[in-house]
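Colleague: no FASTA, just this:
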């Protein structure tokens, strides 16, 4: 499996969005992140590093790929420790009420891991400890 999360080259568009990619396996998925409002590009990157370090330490965490605090909305990828090492990853849209969200410690809001919803199985990927550590080491 291949893992990466990063912004592409270039400047933000006229609305302040940067295009990035998250790859969990064979197919990369693009995302657009607002980098001129609440968080800058460096805030996202620091959050990703902290989340992955927390995940490897056996604590729930999340990779945020778009933070919209004024709308109380975020696109995030909760990380759940996997027995024997590594992480389970899910994609979720998060809607929060004002006052109920901590942007400095978003992992406080990661729900318990579920693998089924009322609509059926929840999509989930697995990352090995080695993949996550390689990403962290490449950004030191």
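Modeller: Thanks, I have the structure now. As the structure is a prediction and not an experimental result, all values here were calculated from the model.
Colleague: Pull up the per-residue confidence for residue 139.
Modeller: Note for residue 139: predicted pLDDT of 84.
Colleague: Who are the contact partners of it?
Modeller: 45, 49 (Cβ atoms under 8 Å, 6 or more residues apart in numbering). For glycine as for every other residue, the C-beta is placed from the backbone atoms N, C-alpha and C.
Colleague: gap between the strand or helix carrying residue 93 and the chain center?
Modeller: Here residue 93 sits within strand 92-95, counting by DSSP states H and E. Counting by Cα atoms, centre = their mean, to the nearest Å, strand 92-95 is centred 11 Å from the centre of its parent chain.
Colleague: Just list what it packs against, helices and strands only.
Modeller: With contacts taken as 3 or more Cβ pairs under 8 Å, 6 or more residues apart in numbering; DSSP states H and E, strand 92-95 sits against strand 73-81.
Colleague: Please work out which residues outside the strand it packs on touch it.
Modeller: For strand 73-81, contacts defined as Cβ under 8 Å, 6+ apart pick out 22, 31, 51-52, 54-55, 58-68, 87-96, 106, 110-111, 113.
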